[in-house]
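[1] give me the fold of what follows.
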Amino acid sequence: MNNKVFEYTDYQQISEIVADVCIIGSGCGGATVAHRLAEAGVDVVILEKGGYYPASTFDNRELNQAGKVDAERDLSTDTNGSTMLTYGELVGGTSVHYWADSYRTPDDRLELWRSQYGITGHDAEKLKPIFDDIERRHHIQEAEPFRYNRMNQLFKEAVDALGWESAPIKQARKGCAGSGHCMQGCAIDAKQSQLVTNIPSSMALGARVFADLKADDFVFDGKRVTQLQASVIDRARNRPSGKKITVKAKHFVVAAGGFNSPAFLLNQPRLRDSLPALGKHFGMNPCTYAHGLYDEPIILWRNIPAAYGVEGFRKARYDAKGNYIEGGYLLVPNQIQPGLMAYTIPGFDDGAAEWMEKLPNVGGAIGWLDDHPDELGEMTVDGHGVRQIHYPYGPTTQKMLRDLMKKATIVNFKAGARKVMLGDLKRTTLSSVAELDRIDAIEIKPGSLTLVAPHPFGGCRMGTDPKTSVTDSSHRVHGVDNLFVADPSVFPTGPSVDPSVTIMAFSYIAAEHIANAMGKKTAPLQNG
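    Sure thing, here's the model as predicted:
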């Protein structure tokens, strides 16, 4: 049993780490692979660029927590500045930051990946017992009605009255106190992030976790990776300290998350030159919102974020000629803290001040797009190895965003909002649903509309052909015998729902293949 997470203060006397398997990243992908392999008796190490922040260090102060939990304090964007990139960078990864919404991958999406992209071994029958195990271990269940904050209550009443197909959203929580600080990390360990679940369970089985350690460069010998060079991060500066550590392992797993794994692999010249699909087919579930001003207190930042959601628009609808009609997104109640709210309300005038002055009475709805497969983006790296994200916001994507804003506006007014504000630079404000057509005039270009990307995928797409994909269906990188990818970057398209459970489920399968490659077997799953 190993109870210690190694941190930047522990590396003075360490120059080499040796293990059976080295996993880069500690989020839903990396931590899940680590747990399954540790169960099988494999000697595992996890490297995490971010720091180690257990719940005892969380103070429920929004700005303090952003420095601990959120990569670049939530201020990083795509290359042209049009979209905020939201993800965690600490032990536990983005799962420490996420809302805990927990969806099984829809069967239609699994079938799409099988039939159109050639993925095998990830079908609904294979995944059902895995989903069961994930839900058991992460205490995933529908939220009790008393956990619905006022926005959730009003949202449910509104969408039910509108007749939109909707349902409770399952949550990965146990013993929730309703603090409303889910995005800042749960101070009482009620949210079942990897910091609470697979990280400690892996360590209890002997896995070692190294925080503040950034993976830099692989060393190859033929078709195998033999070692990894890593840099110690000086946590106070969030920069390499100059200290280097060599990691030697029989197998390596890249699980740095959808915003980081493609960039890391692109910085390996051998892989960049041999895998033309690396960085391609990238998506990020861009989302936008509609804020509503209500006559009653909403207190948007209390209790759980989204207990009830609209699934009836998950799949986009097209006419017989292929023209977009509506949908292609999930729609849920919004939750946003005061500091982030101030950051996302455009302008510094009296109109912006009014929304902040009346913040307790502000509610809203938010939705994230199921990226159109013909309008995906690309990740590259510049001459300094710095990640560059290019996302086109093509014509159908723009139509989907406008439809999303309209539906979010409708639900706000149906819930009782007196007026509704959109997130565009002009702060378009509507007084009734009769003004919905004004949304058609909102520009969707860099700097014109607040867009946030919470769920990256692609860039290391799974498939059969090394010319069009990066990994095969065993999660193994084409052309390298002992290198695997286990995070959302292997998804051919977006999963059309919050990806956390899909990431974990796919990582069970990755772990199974890695164990088999070592002559071992992962543990049988519990029944029920």
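[2] would you map the strands across the stretch 101-250 of the chain?
    With DSSP state E, counting those that start in this stretch, the ranges of strands along the stretch 101-250 of the chain come out as 140-142, 166-168, 170-172, 208-210, 213-221, 224-234, 239-254.
[3] quick check, Gly27 in contact with Val91.
    No - between Gly27 and Val91 there is no contact under C-beta atoms under 8 Å: 9.3 Å. All C-beta spots, glycine's among them, are computed from the backbone N, C-alpha and C.
[4] give me the more crowded residue out of the two.
    Gly27 (38 against 27; other C-beta atoms under 10 Å).
[5] bridging residues for Leu293?
    Applying DSSP bridges to Leu293 gives these bridge partners: Val362, Lys419.
[6] in this structure it contacts Met356, no?
    No - here Leu293 does not reach Met356: they are 11.5 Å apart, not a contact under C-beta under 8 Å.
[7] so for those two, which sits in the more crowded spot?
    Ranked by neighbour count (other C-beta under 10 Å), Leu293 and Met356 place Leu293 first, with 20 against 12.
[8] show me the biggest helix of the protein in terms of residues.
    In the chain, assigned by DSSP state H, the helix with the most residues is helix 395-414.
[9] kindly export that one (C-alpha atoms) in PDB.
    The C-alpha coordinates for helix 395-414 follow below in PDB (Å, rounded to 0.1, in the frame of the first residue of the first chain):
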ATOM      1  CA  PRO A 395     -22.100  27.000 -41.100                       C
ATOM      2  CA  THR A 396     -24.000  24.100 -39.500                       C
ATOM      3  CA  THR A 397     -22.200  24.700 -36.200                       C
ATOM      4  CA  GLN A 398     -23.400  28.300 -36.200                       C
ATOM      5  CA  LYS A 399     -26.900  27.200 -36.900                       C
ATOM      6  CA  MET A 400     -26.800  24.800 -34.000                       C
ATOM      7  CA  LEU A 401     -25.500  27.500 -31.700                       C
ATOM      8  CA  ARG A 402     -28.300  29.900 -32.700                       C
ATOM      9  CA  ASP A 403     -30.900  27.200 -32.100                       C
ATOM     10  CA  LEU A 404     -29.300  26.400 -28.800                       C
ATOM     11  CA  MET A 405     -29.500  30.100 -27.800                       C
ATOM     12  CA  LYS A 406     -33.200  30.200 -28.900                       C
ATOM     13  CA  LYS A 407     -34.100  27.100 -26.900                       C
ATOM     14  CA  ALA A 408     -32.200  28.400 -23.800                       C
ATOM     15  CA  THR A 409     -34.100  31.700 -24.200                       C
ATOM     16  CA  ILE A 410     -37.500  30.000 -24.500                       C
ATOM     17  CA  VAL A 411     -36.900  28.000 -21.400                       C
ATOM     18  CA  ASN A 412     -35.900  31.000 -19.400                       C
ATOM     19  CA  PHE A 413     -39.000  32.900 -20.300                       C
ATOM     20  CA  LYS A 414     -41.200  29.900 -19.700                       C
END
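[10] which stretches of the stretch 401-528 of the chain form strands?
    419-422, 429-430, 451-453, 483-485.
[11] those: which one's closest to Arg224?
    strand 483-485 (8.1 Å; C-beta to C-beta).
[12] now do the closest one: which elements does it pack against?
    Packing partners of strand 483-485 (3 or more C-beta pairs under 8 Å, 6 or more residues apart in numbering; DSSP states H and E): strand 239-254, helix 500-517.
[13] same thing but 7 Å
    When contacts are defined as 3 or more C-beta pairs under 7 Å, 6 or more residues apart in numbering; DSSP states H and E, strand 483-485 packs onto strand 239-254.
[14] so what touches the helix or strand following the strand it packs on?
    Proceeding N to C from strand 239-254, the next assigned helix or strand is helix 261-266, under DSSP states H and E. For helix 261-266, the external contacting residues (C-beta atoms under 7 Å, 6 or more residues apart in numbering) are 215, 254-256, 271-272, 278-279, 282, 379-381, 387, 459-460, 485, 487, 489.
[15] tell me the average confidence for helix 261-266?
    Helix 261-266 carries an average pLDDT of 98.
[16] which of the residues in the following helix or strand past that helix are buried?
    Tracing the chain past helix 261-266, the next element assigned as helix or strand by DSSP H and E is helix 269-274. For helix 269-274, the neighbour count (16 or more other C-beta atoms under 10 Å) marks Leu271 as buried.
[17] export helix 269-274 to PDB, keeping only CA atoms.
    Provided in PDB are the C-alpha atoms of helix 269-274 (Å, rounded to 0.1, in the frame of the first residue of the first chain):
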ATOM      1  CA  PRO A 269       8.800  14.000 -34.000                       C
ATOM      2  CA  ARG A 270       8.600  10.300 -34.800                       C
ATOM      3  CA  LEU A 271       4.900  10.200 -34.200                       C
ATOM      4  CA  ARG A 272       4.100  13.500 -35.900                       C
ATOM      5  CA  ASP A 273       5.900  12.300 -39.000                       C
ATOM      6  CA  SER A 274       4.300   8.800 -39.100                       C
END
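[18] can you say which of the strands of the stretch 401-528 of the chain is packed in most?
    strand 483-485 (a mean of 26; mean count of other C-beta atoms under 10 Å).
[19] rounded mean pLDDT for it, please.
    On average, strand 483-485 scores 98.
[20] how about the helices in the stretch 51-200 of the chain?
    For the stretch 51-200 of the chain, the helices defined by DSSP state H, counting those that start in this stretch occupy 62-69, 107-117, 124-137, 150-162, 198-204.
[21] and those: which comes nearest Lys426?
    Going by C-beta to C-beta, the one of those nearest Lys426 is helix 150-162, 24.9 Å.
[22] quick one, that closest one and helix 395-414 angle?
    100 degrees (axes from the mean of the first three to the mean of the last three C-alpha atoms, to 10 degrees).
[23] which helices and strands does helix 150-162 pack with?
    Using 3+ C-beta pairs under 7 Å, 6+ apart, helix 150-162 sits against strand 308-310, strand 329-333, strand 362-369, helix 395-414.
[24] ok, residues contacting the second one?
    Translated: strand 329-333. 151-152, 155, 169, 306, 309-311, 313-314, 365-370, 400, 404, 407-408, 497.
[25] likewise for the third one?
    Judged by C-beta under 7 Å, 6+ apart, the contacts made with strand 362-369 from elsewhere in the structure are 151, 154-155, 285-287, 289-294, 298, 300, 328-334, 355, 397, 400-401, 404, 408, 411-412, 417, 454-455.
[26] can you select the buried ones among the residues you listed for me in ChimeraX?
    Selection command for ChimeraX covering only the buried members of those, criterion 16+ other C-beta under 10 Å:
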select :151,154,155,285,286,287,289,290,291,292,293,294,298,300,328,329,330,331,332,333,334,355,397,400,401,404,408,411,412,417,454,455
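[27] before we move on, the earlier item: any chance of the helices and strands packed on helix 150-162 in CSV, plus distance to Lys521 and mean pLDDT?
    CSV is the format used below for the helices and strands packed on helix 150-162 (distance: least, C-beta to C-beta, whole Å; pLDDT from 0 to 100):
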stretch, distance to Lys521, mean pLDDT
strand 308-310, 38, 97
strand 329-333, 37, 98
strand 362-369, 37, 97
helix 395-414, 43, 98
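[28] tabulate these (JSON lines), appending distance to Glu443.
    Output for the helices and strands packed on helix 150-162, formatted as JSON lines (distance: least, C-beta to C-beta, whole Å):
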{"stretch": "strand 308-310", "distance to Glu443": "26"}
{"stretch": "strand 329-333", "distance to Glu443": "19"}
{"stretch": "strand 362-369", "distance to Glu443": "17"}
{"stretch": "helix 395-414", "distance to Glu443": "9"}
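[29] which among these is found nearest to Ser76?
    So among the helices and strands packed on helix 150-162, strand 362-369 is nearest, using C-beta to C-beta, at 17.6 Å.
[30] distance from the chain centre to the closest one, please.
    Taking the mean of its C-alpha atoms, strand 362-369 sits 17 Å from the chain's own mean (C-alpha atoms, centre = their mean, to the nearest Å).
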